[in-house]
Structure formats: C-alpha cells, structure tokens
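**Student:** What follows is a protein structure lacking sequence information:
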C-alpha cells in the first residue's frame with residue numbers, strides 16, 4: 001500500500017506491464033480534458049486519448065510515456081492505466097510514425113464517416129499525430 005502522500009500506479013498494455021510503483025502524481029489526458037491524480041483521489045473511470053503520460057515519481061524524477069487510447073481507473077488509492085501502447089519517447093521512430101500518419105490519413109479519406117473503418121482511421125491518425133509530436137520533442 002502506498003504511503004499517505006503516494007499513489008500506487010500500474011500501466012498495462014496488451015504486451016504486459018510497463019510500470020508498477022508508487023508516484024506522487026499521475027498526469028494524463030481523458031476525452032474531457034487533462035487530469036492529474038494525487039494520493040487519495042476520488043474514484044474515476046475515464047476514457048484516455050493519446051498524450052504524454054507523466055508519472056511524477058518524486059520531486060526530481062518524472063517518467064514519461066507516449067500513451068495511446070485506453071482507460072484510466074482510480075479506486076482505493078490505486079490508479080490503473082490500461083492502454084493499447086505506452087512507449088518511452090526515446091523509443092519512438094519519427095520516420096515510421098510519419099508513414100503511419102500518412103496511411104491513417106489515406107484510410108480516413110477512403111472510408112465513409114461513421115463506419116468501423118473510419119473510426120479506426122480516426123484513432124490511428126490521433127495516435128500517429130500525438131506520438132510524432134512526442135518523438136520530435
């Protein structure tokens with residue numbers, strides 16, 4: 001259990017656990033805006049959008065990840081970030097992300113609004129744009 005001023009955090013992807021530990025604050029982006037989670041936060045369930053996930057481990061250390069779509073659950077002083085991807089910024093490949101963005105834009109222009117293909121292309125475009133911004137610093 002986390003210390004009184006700390007929050008237990010798990011960051012999980014389909015490939016496995018990316019982070020598990022105590023932090024002072026978790027900062028991310030939900031569909032309704034930015035959110036910061038501190039110790040003893042009220043319960044939350046929110047849909048996440050691509051952004052930079054920031055885990056403030058201490059006053060001098062912040063772990064950052066390029067976060068894709070997913071969910072945030074906060075309950076009983078534990079936060080779970082369940083996302084499709086969580087990648088360290090230094091592991092992002094700007095060239096590959098530009099290709100992914102181009103592919104998503106092509107699929108978006110070729111699909112009919114409201115279809116499953118269109119929705120997937122929108123999500124892929126959001127992810128590629130955000131990850132590219134993170135990769136470029």
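**Tutor:** Received it, and whenever you're ready, just let me know what you need. The structure presented is a predicted model; accordingly, all values stated were derived computationally and were not measured.
**Student:** phi, psi of the residue lying closest to residue 135 once chain neighbours are set aside?
**Tutor:** In space, and not counting its chain neighbours, residue 135 is closest to residue 92: 3.8 Å by CB to CB, 6 or more residues apart in numbering. Yep, even glycine has a C-beta here, placed from its N, CA and C like the rest. As for residue 92, its main-chain torsions (degrees, to the nearest 10) stand at phi -80, psi 140.
**Student:** Give the burial count for residue 92, as a bare number.
**Tutor:** 16 (other CB atoms under 10 Å).
**Student:** list the contacts for it?
**Tutor:** By CB atoms under 8 Å, 6 or more residues apart in numbering, the residues touching residue 92 are 66, 131, 132, 134, 135.
**Student:** go again using 7 Å as the cut-off
**Tutor:** 66, 131, 134, 135 (CB atoms under 7 Å, 6 or more residues apart in numbering).
**Student:** can you give me the strands in this protein?
**Tutor:** 7-13, 16-23, 25-30, 33-38, 44-48, 51-56, 62-67, 70-75, 78-83, 86-87 (DSSP state E).
**Student:** Quick check: end-to-end length of stretch 108-126?
**Tutor:** Distance across stretch 108-126, first residue to last, is 11 Å (CA to CA, to the nearest Å).
**Student:** ok, and for it, which residues are buried?
**Tutor:** 108, 111, 118, 121, 123, 124, 125, 126 (16 or more other CB atoms under 10 Å).
**Student:** Can you add mean pLDDT, distance to residue 97 and mean neighbour count and give the strands of the chain back as TSV?
**Tutor:** Formatted as TSV, the strands of the chain follow (pLDDT from 0 to 100; distance: least, CB to CB, whole Å; neighbours: other CB atoms under 10 Å):
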stretch	mean pLDDT	distance to residue 97	mean neighbour count
strand 7-13	97	17	19
strand 16-23	97	19	15
strand 25-30	97	18	19
strand 33-38	96	23	13
strand 44-48	97	19	15
strand 51-56	98	14	20
strand 62-67	98	9	20
strand 70-75	98	18	18
strand 78-83	98	17	19
strand 86-87	97	10	20
